[in-house]
Every structure is written in C-alpha cells, then in structure tokens.
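> need a 3D model of the sequence below.
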Amino acid sequence: MIASGEGYCCPQVNTAKMLIPKADRKKIHEFLFREGVCVAKKDFNLPKHPDIDTKNLYVIKACQSLTSRGYLKTQF
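Okay, here's the model as predicted:
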C-alpha cells in the first residue's frame, strides 16, 4: 500500500555502466588528440581495435561517452 505523498512517478532505469581501464582510456584520448578523428567498426566482439592497442568495445564506448558530452560528433 502506498502512503499519500509517495508514488511511482519516475520508474528507475538500471543501465549498465562501462568501466574502461585508465590506461586504455588514456590511449584512446591520446589517439583522438593526435589524429583528430577515430573510426571504430560497430563490432562489439572484435578483440582489438586496428589503430589503437585496446579492445574495440572500449573504443566504441569511450566515443559514445564523449559524444554524449558534446566533445565528439558521430557520423555514419
């Protein structure tokens, strides 16, 4: 039973967070600052990014994070 004043106006959404190791994040950011552009194939199972010595999944998620903050622009 819900008491007055208590309600479910906004359901909580549990989203998974991606924790990228600091060394890998640093490699991705250094590559972006050096080259100015990063191309990542949307293959989450690709073991390694062709240009950066880290997992392709880390590159995709780091770019997604930077895009949501307004630092990158995603182009298809």
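> skip the chain neighbours and tell me the closest residue to the most centrally placed residue in the chain.
In the chain, the residue lying closest to the centroid (Cα atoms, centre = their mean) is Lys61, at 2.4 Å. Once flanking residues are discounted, Lys61 sits nearest to Met18: 4.4 Å by Cβ to Cβ, 6 or more residues apart in numbering. Just so you know, the C-beta spots here come from the backbone N, C-alpha and C atoms, and that holds for glycine as well.
> can you classify the residue nearest to the centre of the chain as helix, strand or coil?
helix (DSSP: H, G, I helix; E, B strand; the rest coil).
> isn't it up against Pro21?
No. Here Lys61 does not reach Pro21: they are 11.9 Å apart, not a contact under Cβ atoms under 8 Å.
> list the residues that contact the residue nearest to Lys61.
Leu57, Tyr58, Lys61, Ser65 (Cβ atoms under 8 Å, 6 or more residues apart in numbering).
> top of those by neighbour count?
Tyr58 (21 neighbours; other Cβ atoms under 10 Å).
> what strand or helix carries Lys27?
Lys27 belongs to helix 22-35 when assigned by DSSP states H and E.
> which neighbouring elements make contact with that helix?
Applying 3 or more Cβ pairs under 8 Å, 6 or more residues apart in numbering; DSSP states H and E, one finds that helix 22-35 contacts helix 56-68.
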